[in-house]
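Colleague: Got a predicted model here, sequence first, then my questions.
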Amino acid sequence: MTRTVYIETYGCQMNVSDAELMYGTLQASGYTPVEGPEGADVVLVNTCAIRENAEQRVIGRLGELRRDLKPGAVLGVTGCMAQRLGPRLLETDTRVQLVVGPDAYRMLPQLIDGARGGERTSATDFDLEEHYEDVVARRFEGVKAWIPVQRGCDYKCTYCIVPTTRGPERSRRLAEVVRETQEVVAQGLTEVILLGQTVNSYHDGTHDFADLLRAVGAVDGIRRVRYTSPHPNDFSDRVIAAMAETPTVCEHVHLPMQSGSTSMLKRMLRRYTREAYLDCVARLRAAMPGLGLTTDIIVGFPGETDEEFADTLALVREVRFDDAFTFKFSMREGTPATRMPAEWLIPDAVIDARYDTLLATVRGIARERNLGRLGERMEVLVEKEARKGELLQCRSRDFKTVLVQGPTAWIGRYLTVELTGTTGATFTGTPVQERQPLPMAG
């Protein structure tokens, strides 16, 4: 009898990729993916632990799912929250039967069989050799493929739970990444996103990230190569040259900043200064004029002074990011930040005010930059139907979101569009017919 599985995913792109691996593993064991939890034989909640509200959202969702599960269905928690809490999840939620960390997805079919027999299991040991090389992922993005090239992180920033939930850094062999990229092309996809917690520190013992970019970018049939998320310290001249010299590598970098204050960066253990960050930005932009640059910024980290926050605002204005993901600091159990003096904690009202100021600054700059680009023509990949209206959502090489009107048959195609409007965050565009060269006379 065919059994069904539903996976609900929260968090980062690595979690999306992991969901594809889980689906692939379970399909190979006879499970059929379904679009919702209603009636599913197995429901897995694939979780994030980067901020407390992400975990609280999952806890609330588990409560909802418990009411909707059909009799005999297996309920499991996977991902970073599962890795962080382990057996505690089994103790606090009696309906949860499985708690499975990111290095144990290969065991899912056996663990589910055990759960069906009444076992309640936590599988959260790290496996530093596990890259799921032989697992055929079930890709559901449609026009692009997430390809993990590195797992774990060795940086240990004081606010970050990732080293605890993902373990130490390890990289796949370059040949295996190239093989998977070739398989992606055979499936009809032309864009890949290379994934890692600090992806540009990739090194398989012989090849570094520059070698990887060149090798993946040279795969026949690949039209776009992206990656996320890099660390400012690992943008060597070799990596920047590989980006600039490989035509398929897109002109976009998501460069996490976190703070614009050197003293704050030191407390965060980011291992670079304000000046070093600016130097990295300058080297990237010199090599790739027109580079799209986005970032992450944290507000309210312990001890943040008015002057340090002012430094962050000043750096945002100096760099003029295309966009930024802004976050209020979230204390995570097990991180060094929990050992900082209590008097360093920033009042919520102060954090809220700073966050609002930062968000307004980021959005104002993005809107100004986008207004200046109206009338430009650019190539976009049509990714999917937009959420509102009869529009299609597209993405440019420099990571701009462009909405166009057209048939769903365009999904997966590349178009040239003219930018006709902007909300400040996204563009509207009109497809244009490229002029063909006139035939030579005679």
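Modeller: Okay, I see it. No experiment lies behind these values; they were computed from the predicted model shown.
Colleague: Tell me which helix or strand residue 239 sits in.
Modeller: helix 237-245 (DSSP states H and E).
Colleague: now that helix, how far from the centre of its chain.
Modeller: Distance, stretch centre to chain centre, for helix 237-245: 22 Å (Cα atoms, centre = their mean, to the nearest Å).
Colleague: ok, the helix or strand just after it: who's next to it in the sheet?
Modeller: Note on helix 237-245: by DSSP H and E, the next helix or strand toward the C-terminus is strand 252-254. Applying DSSP bridges to the sheet, strand 252-254 is found paired with strand 292-299 (parallel).
Colleague: now what about the helix or strand that comes right after the strand it pairs with, what contacts it?
Modeller: Sequence-wise, the next helix or strand downstream of strand 292-299 (DSSP H and E) is helix 306-319. Applying Cβ atoms under 8 Å, 6 or more residues apart in numbering, the external contacts of helix 306-319 come out as 257, 259-264, 274, 277-278, 281, 293, 295, 297, 299, 324, 354, 357-358, 361-362, 365. C-beta here means a position set from N, CA and C on the backbone, and glycine is covered the same way.
Colleague: Stretch 4-16 too?
Modeller: For stretch 4-16, the external contacting residues (Cβ under 8 Å, 6+ apart) are 18-19, 22-23, 26, 31-37, 39-48, 50, 54, 57-58, 61, 78-80, 141, 146, 148, 166, 193, 195, 197, 228.
Colleague: if we can go back for a sec, now do the buried residues in the helix holding residue 239.
Modeller: Across helix 237-245, burial judged by 16 or more other Cβ atoms under 10 Å covers 239-240, 242-244.
Colleague: For residue 33, which residues are in contact?
Modeller: By Cβ under 8 Å, 6+ apart, the contact list for residue 33 reads 4-7, 23, 26-27, 138.
Colleague: can we see that at 6 Å?
Modeller: 5, 23 (Cβ atoms under 6 Å, 6 or more residues apart in numbering).
Colleague: quick one: the strands in the stretch 151-300 of the chain?
Modeller: Counting by DSSP state E, counting those that start in this stretch, one finds strands in the stretch 151-300 of the chain at the ranges 170-171, 191-195, 224-228, 252-254, 292-299.
Colleague: Need the ones you listed in JSON lines (columns: distance to residue 161 and mean pLDDT).
Modeller: Shown next, in JSON lines, are the strands of the stretch 151-300 of the chain (distance: least, Cβ to Cβ, whole Å; pLDDT from 0 to 100):
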{"stretch": "strand 170-171", "distance to residue 161": "18", "mean pLDDT": "96"}
{"stretch": "strand 191-195", "distance to residue 161": "18", "mean pLDDT": "98"}
{"stretch": "strand 224-228", "distance to residue 161": "18", "mean pLDDT": "98"}
{"stretch": "strand 252-254", "distance to residue 161": "20", "mean pLDDT": "98"}
{"stretch": "strand 292-299", "distance to residue 161": "13", "mean pLDDT": "98"}
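Colleague: that older thread, show me the contacts of stretch 4-16 that map onto helices.
Modeller: Among these, the residues falling in helices (DSSP state H) are 18-19, 22-23, 26, 54, 57-58, 61, 80, 166.
Colleague: picking that back up, can you list contacts of the helix holding residue 239?
Modeller: Contacts with helix 237-245, where a contact means Cβ under 6 Å, 6+ apart, come from 200, 209-210, 213-214, 249, 283, 287-288.
Colleague: before we move on, back to that, would you mind saying which of the strands of the stretch 151-300 of the chain lies nearest residue 128?
Modeller: Smallest distance to residue 128 across these (Cβ to Cβ): 5.4 Å, for strand 170-171.
Colleague: Within its sheet, name the partner strands of the closest one and how each one runs.
Modeller: Using DSSP bridges, strand 170-171 pairs in its sheet with strand 150-151 (antiparallel).
Colleague: per-residue confidence averaged over the strand it pairs with?
Modeller: Predicted confidence along strand 150-151 averages 95 (mean pLDDT).
Colleague: mind listing what's buried in the lowest-mean-pLDDT helix or strand in the chain?
Modeller: Here the helix or strand of the chain ranked lowest by mean pLDDT, DSSP states H and E is helix 52-68, holding a mean of 89. Neighbour counts over helix 52-68 (16+ other Cβ under 10 Å) mark 54-55, 58, 62, 65 as buried.
Colleague: and those, which two are the farthest apart?
Modeller: Maximum distance among the buried residues of helix 52-68 (Cβ to Cβ): 16.5 Å, for 54 and 65.
Colleague: which residues of the stretch 1-150 of the chain fall in strands?
Modeller: All strands of the stretch 1-150 of the chain, identified by DSSP E, counting those that start in this stretch, fall at 3-9, 31-33, 42-47, 74-79, 98-100, 121-123, 144-148, 150-151.
Colleague: okay, the ones you listed in JSON lines with distance to residue 89 next?
Modeller: What follows is the strands of the stretch 1-150 of the chain, written out as JSON lines (distance: least, Cβ to Cβ, whole Å):
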{"stretch": "strand 3-9", "distance to residue 89": "16"}
{"stretch": "strand 31-33", "distance to residue 89": "22"}
{"stretch": "strand 42-47", "distance to residue 89": "10"}
{"stretch": "strand 74-79", "distance to residue 89": "6"}
{"stretch": "strand 98-100", "distance to residue 89": "5"}
{"stretch": "strand 121-123", "distance to residue 89": "7"}
{"stretch": "strand 144-148", "distance to residue 89": "24"}
{"stretch": "strand 150-151", "distance to residue 89": "22"}
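Colleague: Residue 383: which of these is closest?
Modeller: Among these, strand 144-148 comes nearest to residue 383, with 7.3 Å by Cβ to Cβ.
Colleague: Show me what the closest one is packed up against.
Modeller: helix 13-27, strand 191-195 (3 or more Cβ pairs under 6 Å, 6 or more residues apart in numbering; DSSP states H and E).
Colleague: which other residues reach it?
Modeller: By Cβ under 6 Å, 6+ apart, strand 144-148 touches 13, 16-17, 139, 180, 184, 189, 191-195.
Colleague: Report the contact partners of residue 373.
Modeller: Residue 373 neighbours (Cβ under 6 Å, 6+ apart): residue 419.
Colleague: Assign it to helix, strand or coil.
Modeller: coil (DSSP: H, G, I helix; E, B strand; the rest coil).
Colleague: Same question for the one 10 residues further on.
Modeller: The three-state assignment at residue 383 reads strand, by three-state DSSP.
Colleague: hang on, it packs against residue 143?
Modeller: Yes - between residue 383 and residue 143 there is a contact under Cβ atoms under 6 Å: 5.4 Å.
Colleague: in stretch 93-104, what's buried?
Modeller: Within stretch 93-104, the residues that count as buried by 16+ other Cβ under 10 Å are 93, 96-104.
Colleague: and which of the buried residues of helix 52-68 is nearest residue 388?
Modeller: residue 54 (25.6 Å).
Colleague: Report the contact partners of the closest residue in space to the closest one that isn't next to it in sequence.
Modeller: For residue 54, ignoring the flanking residues on the chain, the nearest one in space by Cβ to Cβ, 6 or more residues apart in numbering is residue 48 at 4.4 Å. With contacts defined as Cβ under 6 Å, 6+ apart, residue 48 is in contact with 10-11, 54, 80.
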